[in-house]
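>>> No sequence on hand, only this structure:
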C-alpha cells in the first residue's frame, strides 16, 4: 500500500522543525496512525543533522533481483522438501510398517532421487544466498527489497502453517491413542525443520526492520 502523502508531508515538516522522532511518533500514535505506517514515514528520512529532511534512497525492483530471490527461495523449498522426504524414508526403513510392505527397490530409487535433488539444489541455494548476502553487505538498502520481503513473509507463512498442521496432527493422533514411534519421529522431523526455517527467517526479517 502506498504511503499517505499527508503522513509523509507531516513527518517531513516536523523533522525540518527539529522535532525529535520520539515526539513525532507519539503525536502520530495519538492521532490514530499505526506503528508500521509511522515507522515507514520516519524511515523515509535519514537521521542526520541538516536543515532539511534528507530522504533515504529507495530500493528499486530489478529483473535480476527478482530472479535471484526466486532462485533462492525455490531452491530452499526444494531442499527442505527433499530433506524431509529423505528422512522419512530412513525412518520407514528403521521402523517398517508391516501393513505397508514397499519393495526395497522402490525405496532405494526414492532415496537416490532425493539425494540427487539435494546434490543440485543445496549448492544452488548456498551460492544464491551468498550472492544475495554480498549484495546486501555492499548496499544495505537492498535489505528492504520488496521481492525479498514478500518471499520471506511467504516462507514464514508456509513454515507457520506447516508447524500448526504438524502439531494438530500430533495432538489428534495422541488423543486417538494409536501413535507409533515412526509417527512421532516423522512429526518431530517436520517440527524441527519447519521450526528452524521459521526462526531463521523471522530473525532475518526482524533484523532488516530494525535497521
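Perfect, I can see it now. All values derive from a computational prediction rather than experimental measurement. Numbering: from 1, shown residues only.
>>> Can you point out the buried residues in whichever strand or helix holds residue 135?
Assigned by DSSP states H and E, residue 135 belongs to helix 104-138. Residues 110, 114, 117-118, 121-122, 124-125, 128, 132, 135-136 are the ones in helix 104-138 that count as buried (16 or more other C-beta atoms under 10 Å). All C-beta atoms are positioned from the backbone trio N, CA, C, and that covers glycine.
>>> From the residues you listed, pick the one nearest residue 19.
Checking these against residue 19 by C-beta to C-beta gives residue 136 as the nearest, at 31.8 Å.
>>> Distance of the closest one relative to residue 31?
Residue 136 sits 34 Å away from residue 31 when distances are taken as C-beta to C-beta, to the nearest Å.
>>> What of residue 112?
Remark: distance between residue 112 and residue 31 (C-beta to C-beta) = 62 Å.
>>> Ramachandran angles for the residue lying closest to residue 181 once chain neighbours are set aside?
Using C-beta to C-beta, 6 or more residues apart in numbering and skipping the chain neighbours, the partner closest in space to residue 181 is residue 95 (5.7 Å). With angles defined as degrees, to the nearest 10, residue 95 sits at phi -130, psi 70.
>>> hang on, residue 50 is in a helix, isn't it?
No. Assigned with DSSP: H, G, I helix; E, B strand; the rest coil, residue 50 falls outside any helix and is coil.
>>> what sits against it?
Shown in contact with residue 50 (C-beta atoms under 8 Å, 6 or more residues apart in numbering): no residues.
>>> pLDDT below threshold where in this structure?
Scanning the chain for pLDDT under 70 picks out the ranges 1-3, 58-61, 97-105, 178, 208-211.
>>> at 80 instead, please
Within the chain, the stretches with pLDDT under 80 are 1-4, 56-62, 96-107, 139-145, 176-179, 206-211.
>>> what's the domain layout of this protein?
What automatic domain parsing lists as the domains of the chain is 1-56, 63-210.
>>> Number of residues surrounding the closest residue to residue 125 other than its chain neighbours?
What sits nearest to residue 125 in space, not counting adjacent residues and going by C-beta to C-beta, 6+ apart, is residue 75, at 4.0 Å. If you count neighbours by other C-beta atoms under 10 Å, residue 75 ends up with 20.
>>> Hmm, residue 75 is touching residue 131, no?
No. The pair residue 75 / residue 131 is not scored as a contact, 11.9 Å apart, by C-beta atoms under 8 Å.
>>> Next up, identify which helix or strand the residue most central in space within the chain is on.
When C-alpha atoms, centre = their mean is applied to the chain, the residue found nearest the centroid is residue 152 (3.2 Å). For residue 152, the host element (DSSP H and E) is helix 146-176.
>>> and that helix with helix 104-138, angle?
Relative orientation of helix 146-176 versus helix 104-138 (axes from the mean of the first three to the mean of the last three C-alpha atoms, to 10 degrees): 140 degrees.
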